[in-house]
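# Predicted model follows, preceded by the sequence.
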Amino acid sequence: MGGNQVSFGDTVRIVTTPLTTSRGYAERVGSCWGWTTPSVSGVVDVIGGMESDSAFNVHFEDDAVEDAWFAPELVEFVDHAPGTTMSFGDRKFVRGPEGEWIESKPPLD
């Protein structure tokens, strides 16, 4: 995706452009909740356009700001959100500083 190193769960910042400023997203920080190929998935509202045929979904903690799909060039990597946890059934994973997901084993009795 154009050399963009963003992946699921990463902390990202929205690049300042006239478009992101007018839409209220410039310099906002959020979490990457996914990516897509719009021509396959049918996503049609991509801020920054769909020329690259890829887009990142960014979630913002601020309830006043809607999550949105962004063209890759508008999404800037901040960090891998180390310490983030994710669970699948009875398995729990913690995000490491390099972006790896490390399974957290329950303590032995």
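Ah, there it is.
# pLDDT score for the nearest residue to residue 79 once chain neighbours are set aside?
The spatially closest residue to residue 79, leaving aside those adjacent along the chain, is residue 11, at 5.0 Å (C-beta to C-beta, 6 or more residues apart in numbering). The C-beta positions use only the backbone N, C-alpha and C, and glycine is treated the same way. Among the per-residue scores, residue 11 holds a pLDDT of 96.
# For residue 106, see how far away residue 11 is.
With distances taken as C-beta to C-beta, to the nearest Å, residue 11 is found 28 Å from residue 106.
# which stretches of the protein have low pLDDT?
1-4, 107-109 (pLDDT under 70).
# So which residue is dead centre in it?
residue 32 (0.9 Å; C-alpha atoms, centre = their mean).
# rewinding a little: for the residue nearest to residue 79, what are its contacts?
Residue 11 sits next to 29, 30, 31, 32, 78, 79, 80, 81 when contact means C-beta atoms under 8 Å, 6 or more residues apart in numbering.
# JSON lines for those residues, including distance to residue 71 and secondary structure?
JSON lines is the format used below for those (distance: C-beta to C-beta, whole Å; DSSP: H, G, I helix; E, B strand; the rest coil):
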{"residue": "29", "distance to residue 71": "18", "secondary structure": "strand"}
{"residue": "30", "distance to residue 71": "15", "secondary structure": "strand"}
{"residue": "31", "distance to residue 71": "18", "secondary structure": "strand"}
{"residue": "32", "distance to residue 71": "13", "secondary structure": "strand"}
{"residue": "78", "distance to residue 71": "18", "secondary structure": "strand"}
{"residue": "79", "distance to residue 71": "21", "secondary structure": "strand"}
{"residue": "80", "distance to residue 71": "21", "secondary structure": "coil"}
{"residue": "81", "distance to residue 71": "22", "secondary structure": "coil"}
